[in-house]
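Participant: Attaching a predicted model along with its sequence, questions to come.
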Amino acid sequence: MALPAPYQQLVQAFDALPGVGPRAAARLARYVIDDPQGDALAAAITRARAELVLCQHCYRYALTDTCDICAAAHGQQPLFVVAGVEDSERLTGQGMSNQFLLHALLSPVAGIGPAQLHLPQLRARVVNEAISDLKLVLPAGVEAEATAQFIMDMLADVDVSISRQEVNDGAP
Ligand SMILES: [Zn+2]
């Protein structure tokens, strides 16, 4: 006798998440169903999906098309290119708030190309804001290497100085 469809669908939804296997999916599903916090979690997911958009300048999660940081930092130098939200938060905390978030790295295997990283928009921003100093703060690894190379090739005809540092280096 199979378990009811709502349970199976919840387990399948967790199982489909990256890095979550079937056992963890079942454990998470039971937590969401049984724990008093389950309602708050469901509400938080619904609210985040309904209200969050990507800022059309830096691609941070935001409530409007132009986030508060970009509204204040337009045209500042340098522009930091970062891959992940956590890296972005850390740099912002260090006063390096003028950023462009990729949310991922180029990965042909995973089907992630330049459009998914909004790289055409990065080029447009560098040109439109006359960015002269671009700092790529990316993790180590093949995908980061390919991403950095793509950005450098993409901007080869633009008058911008591009430097690269690994994300764990700390402050630039
Ligand atoms: Zn922004």
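Facilitator: Okay, I see it.
Participant: Pull out the buried residues from the lowest-mean-pLDDT helix or strand in the chain.
Facilitator: Least confident helix or strand, the chain: helix 68-73 with a mean of 86, by mean pLDDT, DSSP states H and E. By 16 or more other CB atoms under 10 Å, the buried positions in helix 68-73 come out as 69-70. From N, CA and C alone the C-beta is placed, and that goes for glycine too.
Participant: Go ahead and name everything in contact with it.
Facilitator: 55, 57-58, 60, 62, 92, 97-99 (CB atoms under 8 Å, 6 or more residues apart in numbering).
Participant: following that helix, which helix or strand comes up?
Facilitator: Once helix 68-73 ends, the next helix or strand along the chain (criterion: DSSP states H and E) is strand 79-82.
Participant: what separates that following strand from the chain centre, distance-wise?
Facilitator: Distance of strand 79-82 from its chain centroid, counting by CA atoms, centre = their mean, to the nearest Å, is 12 Å.
Participant: in the protein, which spans are strands?
Facilitator: Applying DSSP state E to the chain gives strands spanning 53-54, 61-62, 79-82, 99-101, 133-138, 161-166.
Participant: Other residues contacting the last one?
Facilitator: Taking CB under 8 Å, 6+ apart as the criterion, the residues outside strand 161-166 that touch it are 132-140, 148, 151-152, 155, 172.
Participant: Taking those, tell me the two that lie furthest apart.
Facilitator: For the contacts of strand 161-166, the maximum inter-member distance is 26.3 Å, found between 132 and 140 (CB to CB).
Participant: what about the two, which has more around it?
Facilitator: With neighbours defined as other CB atoms under 10 Å, residue 132 and residue 140 compare such that residue 132 has more, 13 against 10.
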